[in-house]
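Student: Need coordinates for the following:
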Amino acid sequence: MKALSQFVLASSLVLSQFSFANTDTTALQQAVQSPTRSEANKARDQYRNPVETLHFFGVTPQSTVVEISPGGGWYTEILAPLLAKEGKYYAAHFPANSTSEYATRNLKAFKEKLASNEVYKNVVVTEFSPLPDQQVAPANSADVVLTFRNLHNWYMQKGEQGTLDAFKSFYAALKPGGVLGVVEHRLPEDKKSADWLKSGYFPQSLAVELAQKAGFVLEQSSDINANPKDTADHPGGVWTLPPTLSQKEQDKDKYLAIGESDRMTLKFRKPAAQ
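Tutor: Numbers count the residues shown, from 1 in each chain. Prediction:
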């Protein structure tokens with residue numbers, strides 16, 4: 001009986017420590033408040049909810065994280081200081097040998113950003129494109145792979161197979177038990193008409209289907225980044241809304257009042273080794 005009591009006590013302590021580690025967001029809040037973040041990026045926190053989003057995906061200062069297609073570095077400004085001391089951050093950007101002028105220009109700007117401040121010195125730049133066998137990080141090395149508003153781009157470029165290839169690359173990079181975090185503009189299921197792809201929105205059911213085909217298990221979904229004001233039927237697609245505001249001054253106040261897009265937030269897991 002004494003041994004059983006000790007086991008229960010020990011189990012309770014482990015559980016309480018696990019709970020504390022998963023509810024404490026102090027480090028995330030400090031990273032979001034980093035003085036190296038741009039004011040323009042901070043202004044989007046109300047729509048992108050970085051503390052809640054990273055917490056939902058289980059990112060901690062000790063995590064090895066891969067961000068797919070980091071663009072101009074919105075999340076880099078948060079992840080780099082967060083992971084600088086105890087974690088590791090891979091930024092899987094455009095391939096260096098890309099023939100796209102857009103890709104070349106954006107990769108150059110991203111590298112210049114990394115060189116501009118000491119806080120980015122530990123960022124490891126890797127490559128990603130929606131093709132088979134892309135190594136975004138060493139195999140079985142990452143705790144978390146993150147992708148923000150990218151699925152529609154891959155689907156437009158390479159269709160269903162390209163998007164599936166992307167998910168397979170993430171699966172290969174993750175440790176058994178690792179997490180794939182997906183945030184994407186959400187297309188209502190009743191709006192899957194023939195031209196839905198041009199809208200920049202993506203069906204949640206298709207995102208789940210392709211991730212599962214790659215071997216992932218959907219563990220949880222969240223409305224952290226939901227926006228019920230977004231009807232997803234704008235004249236210029238998702239780019240009608242801020243921050244792009246593709247319609248310029250036409251109905252600008254209307255779209256500013258809606259805010260940024262309604263987004264799915266999906267947490268997948270690579271099954272742990274048996």
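
Student: for the chain, what spans make up the strands?
Tutor: 64-68, 88-93, 124-127, 142-148, 174-187, 202-203, 217-222, 263-269 (DSSP state E).

Student: The fifth one pairs with which strands, parallel or anti?
Tutor: Going back to what we said before, that points to strand 174-187. When sheet partners are counted by DSSP bridges, strand 174-187 sits next to strand 142-148 (parallel), strand 202-203 (parallel), strand 263-269 (antiparallel).

Student: can you state the direction angle for the last one and strand 217-222?
Tutor: Same thing as strand 263-269. The directions of strand 263-269 and strand 217-222 differ by 150 degrees, with axes from the mean of the first three to the mean of the last three Cα atoms, to 10 degrees as the criterion.

Student: contacting residues around strand 263-269?
Tutor: Strand 263-269 is contacted by residues 53, 56-58, 149, 177-186, 202, 204, 207-208, 211, 216-227 when judged by Cβ atoms under 8 Å, 6 or more residues apart in numbering. Backbone N, C-alpha and C define where each C-beta goes, glycine included.

Student: do the same with the second one
Tutor: Here strand 202-203 makes contact (Cβ under 8 Å, 6+ apart) with 151-152, 155, 184-187, 189, 192, 196, 264.

Student: buried subset of the contacts of strand 263-269?
Tutor: 53, 56-58, 149, 178-186, 202, 204, 207-208, 211, 216, 218, 221-222, 224-227 (16 or more other Cβ atoms under 10 Å).

Student: that older thread, got CSV for the strands paired with strand 174-187, with mean pLDDT and distance to Glu127 too?
Tutor: What follows is the strands paired with strand 174-187, written out as CSV (pLDDT from 0 to 100; distance: least, Cβ to Cβ, whole Å):
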stretch, mean pLDDT, distance to Glu127
strand 142-148, 98, 14
strand 202-203, 96, 23
strand 263-269, 98, 22
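
Student: Switch those strands over to JSON lines, and while doing so, append distance to Ser129 to every line.
Tutor: Below are the strands paired with strand 174-187 laid out as JSON lines (distance: least, Cβ to Cβ, whole Å):
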{"stretch": "strand 142-148", "distance to Ser129": "13"}
{"stretch": "strand 202-203", "distance to Ser129": "18"}
{"stretch": "strand 263-269", "distance to Ser129": "21"}
